[in-house]
Each structure stands twice: as C-alpha cells, then as structure tokens.
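S.K.: show me the folded form of this:
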Amino acid sequence: MRSDERVARERKDIYVGNPKRILWMSRHVPLPSQRKELERLFPGHLLITESRPFSSAEQIVRRYRENRGDEMVVVAPWSVVRQIIRLGIKPIYAEMRPCSKQEAESVIVSGRSQRKRYYCFVKFNYCTDVALKLEPIIPNIS
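M.R.: I've put the predicted structure just below:
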C-alpha cells in the first residue's frame, strides 16, 4: 500500500463514504503546496500517483478508469489534454508561475545549456477546453 493510500484510509472519517480518488498523472511528484491545496479542495482524498510514461490520451483515460478516479491532475502536452477532454474527462491543471530562485518550488533544466527556470505553484483549475488559434501567413509581395 502506498503511503498516500494509507494516510487517506486513516483519514476516511473526514470524507463521507469513500474518499475522493485523485489520480496524479505526471512524472513529477506533487509539490508540498500542491498537496496542501488538494487537501483544502478535496478533504480526506486519496492521492494516487501514476508516473509511468504514457503514449496517448486513451491510455491516460484507461489508467484513470482502472484506478476508479474521481479527479485527475495531468501534466501532458496540450494536444493530449484536448483529447482527454474529448474523451469525457475534465482534468485538473496545476497553474505555475515563473519566480525567483529563492521562492522556487520547482526547477526545470532545459537544453544543452542546462539553463534553469524556476517556478512556484499558483492554483488548480479545471481544464474544460484547449484551443489553438491560427493566423494565415500572407506573403509580403513588393
């Protein structure tokens, strides 16, 4: 039994009936501030972390259903999130903002330069749509 499951089972009395099952779909573990906010939003929940790689939105939704999830926090490309929504799931998006190194809760290292970017958690939101607006390129004929 995962430690998250044990804690949720011990706190089941907070939640009427079974605890709400939240599937965390990300290779990144939840930050302490994210865990705290999930507890505020869904008292007594059961957090199930799913860090295995995925190949499609269908695979994510299948894992969500296999785990009998009530809510899903997902970190995935926007095209995958859009497909999850089309498959009938309203995923939770963890909003992050750039911040100083001193404030940072999360560090992302990118590229060959190994440049570091620092982020802080802001809040959770339901993601109900993902849109891409395109504008045609008109050649500049002189």
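
S.K.: could you use CA atoms for every contact and neighbour count after this?
M.R.: OK.

S.K.: packing partners for the lengthiest strand in the chain?
M.R.: Criterion DSSP state E: the longest strand present in the chain is strand 115-126. For strand 115-126, the elements it packs on are helix 32-41, strand 92-98, strand 106-110, judged by 3 or more CA pairs under 8 Å, 6 or more residues apart in numbering; DSSP states H and E.

S.K.: out of the ones you listed, deepest packed?
M.R.: Across the helices and strands packed on strand 115-126, averaging neighbours per residue (mean count of other CA atoms under 10 Å) puts strand 92-98 on top, at a mean of 15.

S.K.: chain center to it, what's the gap?
M.R.: 8 Å (CA atoms, centre = their mean, to the nearest Å).

S.K.: also stretch 71-86?
M.R.: That offset, for stretch 71-86, works out to 9 Å (CA atoms, centre = their mean).

S.K.: just the buried residues of it, please?
M.R.: 71-76, 80-85 (16 or more other CA atoms under 10 Å).

S.K.: out of the residues you listed, which sit inside strands?
M.R.: Those of these lying in strands (DSSP E): 71-74.
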